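Chemist: dropping a prediction and its sequence here:
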Amino acid sequence: EDKVVQSPLSLVVHEGDTVTLNCSYEVTNFRSLLWYKQEKKAPTFLFMLTSSGIEKKSGRLSSILDKKELFSILNITATQTGDSAIYLCAVDNQGGKLIFGQGTELSVKP
Amino acid sequence: DTAVSQTPKYLVTQMGNDKSIKCEQNLGHDTMYWYKQDSKKFLKIMFSYNNKELIINETVPNRFSPKSPDKAHLNLHINSLELGDSAVYFCASSLYPGSYGYTFGSGTRLTVV
């Protein structure tokens, strides 16, 4: 069965720290991997990754995919309290749906 | 505003009742989904419709019945509610099935007492 596993499940850091969130996957027909940020309500899209080794960057957030080792990381530098959220990793397995990991709950303390 | 909108945002009801959650998208997407997020924040697919046709039904109890009157709407009706149905239910849409990420609605927090 296709699955997505994220680690750590939760993380507490202080403002200014750099964090790395991990996502590993086992899927039969990989098409893409996506990262979402969920604050109080709906998950919002961060990145979509389809090719290995190409870093996607948006401000202090960046992500990269390794299709050989079947994982992705999401980096956040110089964290701020507004980065506190659940970060969700999902994989499109070409089965008409996204398969989500269990999320990493990040808490950034002032 | 272009969006996926769900109603109601909160729903508190007693065991055994029947309730519905509505979802509408004005993004012109062909595919809509219902996901359930449990207390551990795990998002799991329940149903997917493409152009009003059911394409995914993930072993959800038949007390849950989705209905898609047109491709912009996907409603979820739940019969005989149980305590374990308490969760946040998210509607989402995408251009094609599973494609290029979803746009999510803001969720409906269902509490069964």
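Modeler: Structure's in. What do you need?
Chemist: near chain A, which residues of chain B show up?
Modeler: B:4, B:31, B:33, B:35, B:40-45, B:48, B:50, B:55-56, B:90, B:97-107 (C-beta under 8 Å from any C-beta of the partner chain). Quick note: C-beta positions are derived from backbone N, CA and C, even for glycine.
Chemist: run the last query once more with 7 Å
Modeler: Proximity of chain B to chain A (C-beta under 7 Å from any C-beta of the partner chain) is limited to residues B:33, B:40-43, B:45, B:48, B:55-56, B:90, B:97-98, B:100-102, B:104-107.
Chemist: just the buried members of the residues you listed?
Modeler: Among the residues of chain B next to chain A, those scoring as buried are B:33, B:41, B:43, B:45, B:48, B:55-56, B:90, B:97-98, B:101-102, B:104-107 (criterion: 16 or more other C-beta atoms under 10 Å in any protein chain shown).
Chemist: and which of those residues is nearest A:P8?
Modeler: Each of these was scored against A:P8 by C-beta to C-beta, and B:K41 proved nearest at 13.3 Å.
Chemist: so that closest one makes contact with A:I86?
Modeler: Yes: counting by C-beta atoms under 7 Å, a contact exists between B:K41 and A:I86, whose distance comes to 5.5 Å.
Chemist: give the residues shared as contacts by those two.
Modeler: With contacts defined as C-beta atoms under 7 Å, 6 or more residues apart in numbering or on different chains, the residues adjacent to both B:K41 and A:I86 are A:G103.
Chemist: give me the neighbour count for the closest residue to A:D66 other than its chain neighbours.
Modeler: Beyond its immediate neighbours in the sequence, the residue positioned closest to A:D66 (C-beta to C-beta, 6 or more residues apart in numbering or on different chains) is A:S52, lying 5.7 Å away. For A:S52, the count of nearby residues is 12 (other C-beta atoms under 10 Å in any protein chain shown).
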